[in-house]
Structure formats: structure tokens, C-alpha cells
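[1] predicted model follows, preceded by the sequence.
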Amino acid sequence: MKKTVIKGADVLGRGRSDLLIADGRLVETGRLDIADAEVVDADGLVALPGLVDLHTHLRQPGYEESETVLSGSQAAAKGGYTAVCAMANSTPVADSPAVVEQVADLGRRAGYVDVQPIGAVSQGLEGRRLAEMGEMAQSQARVRMFSDDGKCVNDPLLMRRALEYAASVDGLIAQHAEESRLTEGSQMHEGAVSARLGMVGWPEVAETSIIARDVLLAEYLDARVHFCHVSTRRSAEIIAAAKKRGVAVTAEVCPHHLILTDHAAQGYDPVFKVNPPLRENDDVEALRSALADGTIDAVATDHAPHSAENKDCEWNAARPGMLGLETALSIAVEALGGPEDVDWNLVAERTSRTPARIAGLRAHGHDFDIGAEANLTLVDPGGRWTVYGNELSSLSTNTPYAGMELPVTVNATFLRGNATVRNGQLTEAMGEN
Ligand SMILES: [Zn+2]
């Protein structure tokens with residue numbers, strides 16, 4: 001039996017403990033002296049449950065030059081993740097059992113993180129007919145989350161049917177809230193900066209009007225709705241009011257919306273082009289408080305790799321999207337108070353426990369319970385690193401943080417007790433090759 005003992009970790013920032021892992025599960029905690037175990041020295045490191053991302057674009061099938069399930073899984077492991085939910089806007093679209101099973105299978109073979117496919121809401125993301133939601137739920141990929149992300153489910157009747165169908169399989173709809181008529185031709189956030197630059201703006205009401213509608217639909221139908229990449233103060237206010245009324249609503253915020261503003265567009269560097277766009281300082285502050293107080297449930301990356309061909313061009317022609325997996329933890333820590341003041345228990349709640357619960361990933365996001373799968377991350381709280389796109393594990397380099405120094409480094413990541421990252425470096429994963 002393979003045994004590993006992690007020595008002297010600060011478990012969830014609550015105190016030192018050793019962790020004994022055997023056959024992929026946590027079997028004992030406390031002060032341990034185990035003769036026949038591999039020893040991992042975790043002195044000075046914080047142990048967190050492995051991070052879970054609700055929103056990853058892995059780009060396979062269809063855009064393998066930007067990312068593959070393997071390269072995206074490696075980027076995730078380096079970022080401290082043990083599970084990611086793969087968005088459905090691949091080519092072909094993940095709207096049938098065949099595609100979701102293919103993605104899940106590629107994830108198993110890569111072996112760096114658990115890859116949970118998200119199914120499309122509509123066939124081909126066209127917003128007309130429902131995808132094979134029931135079949136995807138019953139497939140080996142066990143799909144529970146459905147999203148047309150990249151596009152909004154605009155048609156209220158289709159959204160109603162999707163919410164009803166998802167409820168019948170104990171699933172949920174993850175909505176990309178964007179009233180597309182209000183964002184036609186848009187290039188950035190609509191505000192003072194877009195007016196000055198002469199760019200067509202993406203007004204916040206395009207997001208809030210869909211969130212308000214879908215909250216009411218979910219309430220009416222007693223169904224679960226989750227809002228992707230919430231980006232404005234008003235969105236957080238609507239979600240807070242809905243939660244107060246007991247509506248089954250959850251929401252995520254992306255790291256870049258917690259730290260960057262629309263001022264970044266002033267240099268016309270398309271690396272800062274993203275959908276929804278970077279907003280104003282007032283929104284950033286509101287989103288930080290909403291994340292801290294639980295109005296917003298989770299940090300999700302919206303990791304969106306793009307090849308140089310689609311990104312290194314003039315602003316108007318560039319695709320929206322940014323890398324996120326390898327930098328998310330650092331930015332979340334920064335947004336939740338900085339490395340000196342951060343509450344690690346809160347970090348675990350927003351980056352692991354709650355996203356695992358939303359996605360229904362029972363093997364992830366637990367609190368070092370005896371008998372649970374050993375999916376965990378060791379973080380160096382005093383570590384600092386400078387981001388360089390070409391040093392990231394993603395096949396693409398479109399990080400908005402290039403040249404920035406960020407707090408906190410991931411020292412090690414364990415998936416079912418096997419190190420996918422050790423001393424900050426990827427290992428050979430234990431995938432089913
Ligand atoms: Zn989206």
C-alpha cells in the first residue's frame with residue numbers, strides 16, 4: 001500500500017498537523033511518525049482542499065492549438081486545482097453524450113485533475129432547441145451543469161424549459177448573462193473610458209436585466225440558476241436580494257473582475273479584452289465585498305486561452321478572454337485581504353468547498369475528513385512570483401498579469417494522494433494512458 005505523510009502543514013490556516021494518505025485517501029491526522037511512508041515536508045505551508053473551478057475553457061475538441069485537455073489540466077494542477085468544469089463551447093459543441101464522454105475520457109487519460117464536462121443548454125449553442133440534457137445527465141460523464149457560455153440563453157421560453165429540465169435531473173443552468181441586443185458591436189465596458197476612447201460599450205444593464213429575469217424564472221419554477229462571471233455592483237445587489245427571498249441562486253466572480261478595471265483598455269492591448277468586460281473601480285470594490293460576505297459564492301477562472309493569431313491583433317478583431325488557472329489563487333488571496341491578513345478558511349470556502357458543492361463534485365472540497373479522497377493543495381503563503389505568459393503551462397500566453405508580481409505560490413497539488421505538482425513543478429501524472 002502506498003503511504004504518504006505530509007509533515008507539519010498548517011491545515012486550513014488553523015494549526016499544524018501531519019496528514020497521512022494511504023491508497024489515495026486521508027487516513028489519519030495529528031502528530032504522526034510513520035516508518036514506511038514517503039515524507040513530504042510541509043513546514044510553513046498551508047494545506048487547502050484542492051481548488052475546484054466552475055468555469056474552464058479547455059478548447060478541446062476543436063481548438064487544440066489554443067489548449068488541450070492535457071495542457072489545461074496541467075495549468076489547473078499548477079494553479080492548485082484538483083477539479084475543473086469544462087465549458088461546452090468546443091467544436092463540436094458538447095451538446096450530446098458522445099462529446100461530453102470524450103472530454104471526460106481525455107481528462108482521465110491526462111490524469112492531472114478531475115475534468116467534469118458541462119453540457120450545452122441548446123443544440124449547437126444556437127439558442128433554439130434544447131440539447132440532449134437528459135442523455136448527457138445519464139451518460140458516463142454524469143453531467144449536472146448546463147451552460148451555453150460564450151452566449152446567453154436569451155429566449156425566455158427556452159430558459160424556462162432548460163431550468164425545468166435541469167431541475168428534473170437535479171442539475172442547474174449556468175447562465176452567461178448578456179442581453180445580446182444591448183451589446184451588439186460592443187468592445188469594452190460602457191462608461192467614461194469607452195466614451196473617451198470612442199469604443200462601442202457593453203452596458204451593465206445587459207447583464208443585470210438577464211440576471212433579474214432569470215432570478216424570477218428560477219423562483220417561479222423552483223429551479224437552480226447559477227450566474228457566470230458576475231461583473232457589476234448592481235448584479236451583486238440583485239443576487240443578494242434574491243438570496244434573501246430564498247431563491248436557489250448562486251454566482252461566481254472571476255479573478256480579473258476583482259483586480260482590473262476598464263482603464264486597462266486605454267493602451268489598446270487586447271490581452272485586456274474579456275467578456276463581460278472589465279468594469280469600474282466601484283464594481284471591483286462591490287464584487288470584493290460580495291465575495292467576502294457570500295453574496296457571490298465562488299471564484300471561477302473563465303480560463304479562456306486564445307492563440308496568438310486570435311489575440312495578438314488589433315483590439316476590435318481580437319477574441320475576448322484571458323488565461324486564469326495559474327493565477328486565480330494569488331488574485332483571490334489579494335482580493336480577500338492580501339497574504340498577511342487572509343482568512344484561509346474563507347479562501348477554501350470560495351475556491352474549493354462551495355464550487356465543489358455547486359458542481360456536485362462530492363470527492364472534492366471537503367475539510368480533511370478521515371476517509372475522504374486526498375485531493376489537496378499545499379500553498380506557500382509567503383511565496384511571491386512574477387507572471388510570464390511563456391512560463392505558464394497553458395499552450396496560450398494571453399495573461400493580463402504579465403510582468404506583475406503576485407503573492408502566494410502553489411508548492412504541491414495532490415489528486416487522490418498522487419502529487420501532480422511537487423516543489424512547484426509538474427510531475428508525471430497518474431492518468432490512464
Ligand atoms: Zn461567459
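    Yep, it's here.
[2] all helices for the stretch 301-433 of the chain, in order.
    Here the stretch 301-433 of the chain has its helices, by DSSP state H, counting those that start in this stretch, at 308-311, 328-335, 338-341, 344-348, 354-359.
[3] pLDDT of the longest one, averaged?
    Confidence for helix 328-335, expressed as mean pLDDT, is 98.
[4] residues contacting it, please?
    Contact with helix 328-335 is made by 51, 53, 79-80, 255-256, 258-259, 288, 291, 299, 301, 339, 342, 347, 350-351, 379, 385, 401, 406-408, 410, as judged by C-beta atoms under 8 Å, 6 or more residues apart in numbering. (C-beta placed from N, C-alpha, C; glycine too.)
[5] in the chain, what residue comes closest to the ion?
    residue 176 (3.7 Å; C-beta to the ion).
[6] how far away is the residue lying closest to that residue once chain neighbours are set aside from residue 293?
    Nearest residue to residue 176 in three dimensions, chain neighbours excluded: residue 149, at 4.5 Å (C-beta to C-beta, 6 or more residues apart in numbering). Separation of residue 149 from residue 293 (C-beta to C-beta, to the nearest Å) stands at 26 Å.
[7] now do residue 308
    Residue 308 sits 40 Å away from residue 293, going by C-beta to C-beta.
[8] so what touches stretch 158-168?
    For stretch 158-168, contacts defined as C-beta under 8 Å, 6+ apart pick out 121-122, 127-128, 130, 133-134, 146, 153, 172-173, 175, 213-214, 217-218, 221-225.
[9] buried ones in that stretch?
    By 16 or more other C-beta atoms under 10 Å, the buried positions in stretch 158-168 come out as 158-163, 165-167.
[10] can you check stretch 193-205 too?
    193-194, 199, 201-204.
[11] among the residues you listed, which are in reach of the ion?
    Residues of those in contact with the ion (C-beta under 5 Å from the ion): none.
[12] ok, the residue nearest to residue 176 - contacts?
    55, 87-89, 118, 174, 176, 228.
[13] list phi and psi for it.
    Torsion angles at residue 149 (phi, psi; degrees, to the nearest 10) stand at phi -40, psi 140.
[14] what's the spacing between it and residue 377?
    Taken as C-beta to C-beta, the span from residue 149 to residue 377 is 25 Å.
[15] mind listing residues that contact the strand or helix carrying residue 100?
    Using DSSP states H and E, residue 100 sits in helix 97-110. For helix 97-110, contacts defined as C-beta under 8 Å, 6+ apart pick out 58, 60-61, 68-70, 73-74, 86, 90, 92-94, 113-117, 119, 132, 135-136, 138-141, 143, 429, 431-433.
[16] give me the sheet partners of the very next helix or strand once past it and which way each runs.
    Under the assignment DSSP H and E, the closest C-terminal helix or strand after helix 97-110 is strand 114-117. In the sheet, strand 114-117 lines up against strand 81-86 (parallel) (DSSP bridges).
[17] CA atoms only: put the partner strand into PDB for me.
    Output of strand 81-86 as PDB, limited to C-alpha atoms (Å, rounded to 0.1, in the frame of the first residue of the first chain):
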ATOM      1  CA  TYR A  81      -6.800  22.800  -8.700                       C
ATOM      2  CA  THR A  82      -7.900  19.200  -8.400                       C
ATOM      3  CA  ALA A  83     -11.100  19.500 -10.400                       C
ATOM      4  CA  VAL A  84     -12.300  21.700 -13.300                       C
ATOM      5  CA  CYS A  85     -15.700  22.000 -15.000                       C
ATOM      6  CA  ALA A  86     -15.100  22.200 -18.800                       C
END
